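1. here is the input, now give the coordinates:
(2 chains)
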Amino acid sequence: MAASYESSTEYIQHHLTFLAQPVAEGGFWTVHLDTLLTTVVLGMLAFGFLWLVTRKATTGVPSRKQAFVELAVDFVQNQVKDVYTGTSKIVAPIALTTFVLVLFMNAMDFLPVDIMAWIYEHVLRQEHWRAVPTADVNTTFALALSVFALMIFYSIKVKGLGGWVHELFCSPFGSNPLLWPFNLLFNAVEYLSKPLSHSLRLYGNMYAGEIIFLLIALWATTGLVGTFAGVVLNLGWAIFHVLIVVLQAYIFMMLTVVYIAMAHEHH
Amino acid sequence: MNINLTLLMQAAAFAAFIWFTARFIWPPLMRAVDTRQKQIADGLAAGEQGKKELASAEKRIADMLTNAKSKAAEIVATGDKFRSETMDAAKTEAKAEADRIIAAAKAEIQQEVARAKEQLRNQVADLAVAGATKILQREVDAKAHADLLAAIRTQL
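-> Numbering: from 1, shown residues only, chains lettered A, B, ... in the order given. I've put the predicted structure just below:
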């Protein structure tokens, strides 16, 4: 496949170009249709499946599908229970949504890059298409900022607006007015670092994974030895990636729960 | 790394999926899981209860058995006592009866002996009178000598 490209740089750049659709005058007003469409389709598949299983859920002996879904849900709920002691009933569903969605988006990385590139080109008739939504910084920031918004929401809900502002100025160093700027600075750094690390961790892992798949695919075009090594390496990296995909989804979910739980804490 | 409108749309999609999960997936599933959990807990509790009831029933049976055994032993003891008492009474009665019969027989024998003696005495007196009559060659006036005759009879 890479043979049709001028250079390996072009090959990689081509695979890393979004299907960008300007909405208004471009710039910020651009939508990555590939990212958005993949996310929506994956979400509909995943949550549609969950919904179908749920609709047929019995209280008696569960079917295999239901048992599987219950296992996953139970896993998420246990994690949430360990971390989150608040009363909000929506935190566990948020965790489940996050875990399932991120897991599926990450799992797009398993699809062989160039077979998919051929499908995108000849079936979807798109020259540029990136399959892994979590390798798009927009997606990870969207998720992290949503969690950030939830953090602020729960902080204000639990402590009241006054309590939250008081905390911004008076913790962690103390309520002396001289310390207010330092407290505010400290809290600002803390609040900023959370969504940044939350989103960039996932983005970095998935983006790097994607690039390594591309590099292995490049090597596979360099003759018989390269093809053989590429196949073996691709398999190895894919198997290792199973761990990364699940681990990153789990970490993302856990951080979501931890951040929301921290928002409930009084200082 | 270019941030654009995709971010907002992804956030909207994320929010929609959260809403969908929280509305249509989580509650029914949790309901099913909780209901089943309760059913299992109830079943286990019922099993435990059944076990306890079985144990208490076994204990009751053992108690009843012990009770019945002691009652039976009591009845047997009472029967034994009654029998020995009855036998004792019967023995005493029989002995008394035997004594009575022996006494009656003895009395009868005595009477018989007395009667025989009387008879004999009368016969001897008669014989004596007859002898005397023969000796005196005349009839002894029984009436005249009645006192004498009676005296003889008593002396015999």
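
2. need the nearest residue in space to A:Phe104, chain neighbours excluded.
-> In space, and not counting its chain neighbours, A:Phe104 is closest to A:Leu42: 4.5 Å by Cβ to Cβ, 6 or more residues apart in numbering or on different chains. C-beta here means a position set from N, CA and C on the backbone, and glycine is covered the same way.

3. show me what counts as buried in the helix or strand that the one you found is a member of.
-> Per DSSP states H and E, A:Leu42 falls inside helix A:33-55. For helix A:33-55, a neighbour-count test (16 or more other Cβ atoms under 10 Å in any protein chain shown) marks A:33-36, A:38-40, A:42-43, A:46-47, A:50-51, A:53-54 as buried.

4. quick one, phi psi at the residue positioned nearest the centre of chain B?
-> Nearest to the mean C-alpha position of chain B, counting by Cα atoms, centre = their mean, stands B:Ile75 at 4.0 Å. When quoted as degrees, to the nearest 10, the phi and psi of B:Ile75 stand at phi -60, psi -40.

5. quick one: contacts for A:Val40?
-> B:Ala13 (Cβ atoms under 8 Å, 6 or more residues apart in numbering or on different chains).

6. contact partners for the residue nearest to the centre of chain B?
-> Contacts of B:Ile75 (Cβ under 8 Å, 6+ apart): none.

7. and residue 115, what pLDDT?
-> No chain was given, so I picked chain A. Looking at A:Ile115, its pLDDT reads 84.

8. wait, I meant chain B there
-> At B:Arg115, pLDDT is 93.

9. ok, it to chain A distance?
-> B:Arg115 sits 113 Å away from chain A, going by Cβ to the nearest Cβ, to the nearest Å.

10. swap in B:Ala150?
-> Taken as Cβ to the nearest Cβ, the span from B:Ala150 to chain A is 129 Å.

11. neighbouring contacts of the host helix or strand of that residue?
-> Using DSSP H and E, B:Ala150 sits in helix B:146-155. Applying Cβ under 8 Å, 6+ apart, the contact partners of helix B:146-155 are B:121-122, B:125, B:128-129, B:142.

12. list buried residues within the residues you listed.
-> Buried members of the contacts of helix B:146-155, counted by 16+ other Cβ under 10 Å: B:125, B:129.

13. minimum pLDDT in the contacts of helix B:146-155, which residue is that?
-> B:Ala142 (67).

14. then the helix holding B:Ala150 to CSV, C-alphas only?
-> Extracted C-alpha coordinates of helix B:146-155, given in CSV (Å, rounded to 0.1, in the frame of the first residue of the first chain):
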residue,chain,number,x,y,z
ALA,B,146,-84.8,-90.0,135.6
ASP,B,147,-82.6,-87.9,137.8
LEU,B,148,-80.3,-90.8,138.4
LEU,B,149,-80.2,-91.7,134.8
ALA,B,150,-79.3,-88.2,133.8
ALA,B,151,-76.6,-88.1,136.4
ILE,B,152,-75.1,-91.3,135.0
ARG,B,153,-75.2,-90.0,131.5
THR,B,154,-73.3,-86.9,132.4
GLN,B,155,-70.7,-89.0,134.3
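
15. can you give me the buried ones in stretch A:178-195?
-> Using 16+ other Cβ under 10 Å as the test for burial, stretch A:178-195 gives A:179, A:183, A:187, A:194-195.

16. pick the one among those residues closest to chain B.
-> A:Pro195 (11.6 Å; Cβ to the nearest Cβ).

17. close to chain B, is the helix or strand where A:Ile244 lies?
-> Element membership for A:Ile244 (DSSP H and E) is helix A:224-263. No. Helix A:224-263 lies out of reach of chain B by Cβ under 8 Å from any Cβ of the partner chain, never closer than 10.6 Å.

18. residue contacts, the residue nearest to A:Phe104?
-> Shown in contact with A:Leu42 (Cβ under 8 Å, 6+ apart): A:101, A:104-105, A:108, A:133.

19. distance of it from B:Ile61?
-> The spacing between A:Leu42 and B:Ile61, counted by Cβ to Cβ, to the nearest Å, is 66 Å.

20. excluding covalently adjacent residues, which one is nearest to the residue of the stretch 151-267 of chain A at minimum distance from chain B?
-> Nearest residue of the stretch 151-267 of chain A to chain B: A:Tyr203, at 8.5 Å (Cβ to the nearest Cβ). Beyond its immediate neighbours in the sequence, the residue positioned closest to A:Tyr203 (Cβ to Cβ, 6+ apart) is A:Thr140, lying 4.2 Å away.
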